[in-house]
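Peer 1: give me a 3D structure for the following:
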Amino acid sequence: MNPERLMQIILAPVISEKSTLVGDLHNQVPFRVLASATKPEIKAAAELMFGKKVMAVNVTNVKGKAKRHGRFQGRRRDWKKAYVCFEPGTEINFIGTEA
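Peer 2: Numbers count the residues shown, from 1 in each chain. Below is the predicted model:
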């Protein structure tokens, strides 16, 4: 797989109460990924970016919410979320500084 494409697949971590709970219970980290990304590409991208072994990847397509601004209606765009399961005992540091 092309390393340039792999570095563009993972867009951002999803930080919320639910994602923190899932991370604590199942050792998973949710990421916002490209809509065209596949499970093997997401796995390779996570291993390349974090240098940790990935056990499994679960993917869900999130539908954009319908929004109104005055009398105009619109929708937010759809996006893809990937739950990446790392090996047990693995810590992921998003800040980038390791102590």
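
Peer 1: and residue 62, what pLDDT?
Peer 2: The predicted structure scores residue 62 at 95 on the pLDDT scale.

Peer 1: what residues are up against it?
Peer 2: With contacts defined as Cβ atoms under 8 Å, 6 or more residues apart in numbering, the neighbours of residue 62 are 78, 79, 80, 81. Where you see a C-beta, it was placed from the backbone N, CA and C, and this is true even at glycine.

Peer 1: now do the contacts for the last one.
Peer 2: Just to be clear, that refers to residue 81. 14, 30, 31, 32, 33, 59, 60, 61, 62 are the contacts of residue 81 under Cβ under 8 Å, 6+ apart.

Peer 1: residue 77 versus residue 30, what's the distance?
Peer 2: Distance of residue 30 to residue 77, given as Cβ to Cβ, to the nearest Å: 18 Å.

Peer 1: go on, residue 63?
Peer 2: As it turns out, when the distance is counted by Cβ to Cβ, residue 63 lies 10 Å from residue 77.

Peer 1: same deal with residue 9?
Peer 2: Using Cβ to Cβ, residue 9 is found at 17 Å from residue 77.

Peer 1: between these two, tell me which one has more neighbours.
Peer 2: A count of neighbours by other Cβ atoms under 10 Å puts residue 9 above the other of residue 9 and residue 77, at 23 against 8.

Peer 1: from residue 43, how far out is the more buried one?
Peer 2: As judged by Cβ to Cβ, residue 9 and residue 43 stand 10 Å apart.

Peer 1: same question for residue 87.
Peer 2: In this structure, residue 87 lies at 13 Å from residue 43, with Cβ to Cβ as the measure.

Peer 1: quickly list what residue 31 is bridged to.
Peer 2: residue 13, residue 82 (DSSP bridges).

Peer 1: so it sits right up against residue 22, yeah?
Peer 2: No: counting by Cβ atoms under 8 Å, residue 22 is not a contact partner of residue 31; they are 12.0 Å apart.

Peer 1: let's verify residue 77: helix, strand, or coil?
Peer 2: The three-state label given to residue 77 by DSSP: H, G, I helix; E, B strand; the rest coil is coil.

Peer 1: find me the pLDDT at the residue nearest the centre of the chain, would you?
Peer 2: Closest to where the C-alpha atoms of the chain average out (Cα atoms, centre = their mean) is residue 31, at 1.2 Å. The score at residue 31 is 95. That number is its pLDDT.
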